[in-house]
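Peer 1: With the input below, show me the fold.
(one chain, ligands or ions: 1)
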Amino acid sequence: MKREIRVEDLVIEVRENLRRKRNVGFLFQPNGRLILDTPPKVERSVLQTMVQENLRWIRYRLHKVREEARIHPPLRIHNGGHVPYLGDNLVILWVKSDESKVVRTGKVLEVHAPSSRYVRKLVLDWYPPRASRLFAKQVERWSELPWLRARFKSWRHQYTSAQWGSCSEDGHINFNTHLVKVPECLVEYVVLHELCHLKVHNHGPKFYSLMHEYMPDWEERRRELNGWQPILFGD
Ligand SMILES: [Zn+2]
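Peer 2: A predicted model of the protein is given here:
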């Protein structure tokens, strides 16, 4: 059964996440709902108070995600549809063929397949290897950060609708595969953000001054990235 809390007219779903240690995550859905991603066994009254105290901000964010969902609608992959890649909008063109492959030519993503019903799977499979190369490049781009050598163990990526990235205390970083769809300067921001967590594990002033030091315009990038949130809930 779904756990829910109610605050004024808002019905908010509560999801316990075993991997969360401290903070509660606010997941704003493009359909205008909010999900609280919480560490295990947080009291209902604590969540209720937290929502109450942040109500103005929550209402504002819910309003924004609904607006943003209109600008970047969640994608549905089909012949003739559009998919984002590194911030570009590619049109999918099914090419009838005995062999199965995906070829990108400029803003066209040609999907060669015997039937159009393979298009979705082929496009979904097309992203992860590109995401791997993208993250490898961006991690390399920050390889001079002085604390990495001692603290950075590994990275990987996977599709999730919860967050753009995460960093464990013991030095393992997870990136969201969906990031391959957004402009590269925003990926650069997420990668730096997670790498900074290797040095400072919270979002306190030390963390943000580290971000400022290496990326003075990180706030602008974060704002732009927020606009891409709806892609987390598409294909
Ligand atoms: Zn963070």
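Peer 1: Run a quick neighbour tally on V14.
Peer 2: Neighbour count of V14, defined by other C-beta atoms under 10 Å: 17. All C-beta spots, glycine's among them, are computed from the backbone N, C-alpha and C.
Peer 1: quick one: strands adjacent to the strand or helix carrying it?
Peer 2: Following DSSP states H and E, one finds V14 within strand 10-16. Within its sheet, and counting by DSSP bridges, strand 10-16 is paired with strand 3-7 (antiparallel), strand 34-38 (parallel).
Peer 1: quick one: contacts for the closest residue to V51 other than its chain neighbours?
Peer 2: Spatial nearest neighbour of V51, excluding adjacent residues (C-beta to C-beta, 6 or more residues apart in numbering): V7 at 4.6 Å. The contact partners of V7, taken as C-beta atoms under 8 Å, 6 or more residues apart in numbering, are Q48, V51, Q52, L55.
Peer 1: what about the third one, which helix or strand?
Peer 2: Assigned by DSSP H and E, Q52 falls within helix 44-53.
Peer 1: by how many degrees do that helix and strand 10-16 diverge?
Peer 2: With axes from the mean of the first three to the mean of the last three C-alpha atoms, to 10 degrees as the basis, helix 44-53 and strand 10-16 are set at 130 degrees to each other.
Peer 1: Please state the mean pLDDT value computed over helix 44-53.
Peer 2: Mean per-residue pLDDT for helix 44-53: 93.
Peer 1: just stretch 178-187 next, same as before
Peer 2: On average, stretch 178-187 scores 96.
Peer 1: Pull the distance from that stretch to the chain's centre.
Peer 2: With C-alpha atoms, centre = their mean, to the nearest Å as the basis, stretch 178-187 stands 9 Å off its chain's centre.
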